[in-house]
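Peer 1: Below is the structure, and that's it, no one-letter string:
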């Protein structure tokens, strides 16, 4: 029996680190497994294939000789990547043949092979059956391609006009915030994103995660002189209200190590790049510490390398005592994340580029107040909740962040937030909304 959704997992299938987008896809899959046929583009054979599974993310052994060797190799190769960001090595990347491809190959090798997680699957891609566009299915793409060939293959599917195609768009920031996407750190991302949006403009339906993201997309369409898809349906569907897994007990060992006996406990979540603007909160914590406050800051960076030189400078400016109160952690388990959310007093989201703001709703769902930057989609999200649940602050106002952290920490516990009907209550309801026929906007 043909399943109603052909879910494109080409980009996510090999990724063994968990980003916000990947978490969205995996949660969607868990709620709709009976309706989904997984499809992947086979770059070598230039065909689409139907595959049996998304693949499981598993945690490798954290102890023993093998784990120690992997950690040592990771440290050494990360050091090479960091060295290549200096001025003279950057010039070599531009001038020496094959230096730039080798640099990005090394970054990709670290991400796929040396970190503490891996993807396990039960099939070989080349042996899987070919998939063709089917009028009884809806093509669904919820990720962002990582290769140009994938975007071209998407366009070929849309050009057949055989089936409905839905793209869930998270943001357009590589085009609108180019200063946050340096060539040395994220090579080719802006040109790839432009190709991706060329494909998106040919889909039958585009759904965005916020009104802000939709406005970004419409601005992009205004720049197209020809070829605009005038029949395309466009709408907004917010992500569902978070429901953390109840499997097993919370693991609070990491939370205790990060925050210890602090009376002000602040959390940041995101990659260590310029988009996240973490340096402003680091500087705010320094201000609190200089004024005698017992504060600690935890940063959950997932599997990301430091590419924000301003953040690095803010960390370097800390005294040894101040730096000891700022913890940067990598990938954490669901049990550890849940315990960390429950341990903190304030969750800060100072980002300069957010199409939605997943940590905002996750924190609120755990009863934690949130501070957000007056930037991109964050104010839109903040207005959906009671006035003291989310506080909006100017992005670069260090003293404003310090004052807000102190003030928020003194407030009584946050009562359960009133949930706007704009938020789906579950991933099943989310799926119903994105699969519904939207009005054109």
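Peer 2: Ah, there it is. Not measured: the values here are computed from a predicted model.

Peer 1: wait, residue 258 sits on residue 328?
Peer 2: No: between residue 258 and residue 328 there is no contact under CB atoms under 8 Å: 9.7 Å. To be clear about C-beta, it is placed using only N, CA and C from the backbone, and glycine gets the same treatment.

Peer 1: Counting neighbours, go ahead and name the busier of those two.
Peer 2: Shown here are residue 258 and residue 328; by other CB atoms under 10 Å, residue 258 has more neighbours (24 against 17).

Peer 1: any idea how far that one is from residue 237?
Peer 2: Shown here: residue 258 relative to residue 237, a distance of 34 Å by CB to CB, to the nearest Å.

Peer 1: Need the pLDDT of residue 322.
Peer 2: Residue 322 is assigned a predicted lDDT (pLDDT) of 97.

Peer 1: quick one: the nearest residue to it once chain neighbours are set aside and residue 359, what's the gap?
Peer 2: Nearest non-adjacent residue to residue 322, counting by CB to CB, 6 or more residues apart in numbering: residue 289, 5.2 Å away. Computed with CB to CB, the distance linking residue 289 and residue 359 is 23 Å.

Peer 1: Let me see the ranges of the strands in the stretch 301-441 of the chain.
Peer 2: 326-329, 346-349, 369-373, 390-393 (DSSP state E, counting those that start in this stretch).

Peer 1: What's the local residue count around the nearest residue to residue 172 once chain neighbours are set aside?
Peer 2: Leaving out its chain neighbours, the residue that sits closest to residue 172 by CB to CB, 6+ apart is residue 216, at 4.2 Å. By other CB under 10 Å, 21 other residues sit near residue 216.

Peer 1: what's the answer for residue 190, then?
Peer 2: Residues near residue 190, counting by other CB under 10 Å: 15.

Peer 1: All further residue positions should be reported with the first residue as 793.
Peer 2: Yes, from this point I'll number from 793; that puts the last item at residue 982.

Peer 1: was I right about it contacting residue 966?
Peer 2: Yes: using CB under 8 Å, residue 982 makes contact with residue 966 at a distance of 4.6 Å.

Peer 1: Relative to residue 833, how far out is residue 840?
Peer 2: For residue 840, the distance to residue 833 equals 6 Å [CB to CB].

Peer 1: okay, and the common contacts of these two?
Peer 2: residue 945 (CB atoms under 8 Å, 6 or more residues apart in numbering).

Peer 1: which SS state does residue 914 fall under?
Peer 2: What DSSP: H, G, I helix; E, B strand; the rest coil gives for residue 914 is coil.

Peer 1: Just the pLDDT for the nearest residue to residue 1159 once chain neighbours are set aside.
Peer 2: Spatial nearest neighbour of residue 1159, chain neighbours left out: residue 1206 (5.1 Å); criterion: CB to CB, 6+ apart. We have a pLDDT of 92 for residue 1206.
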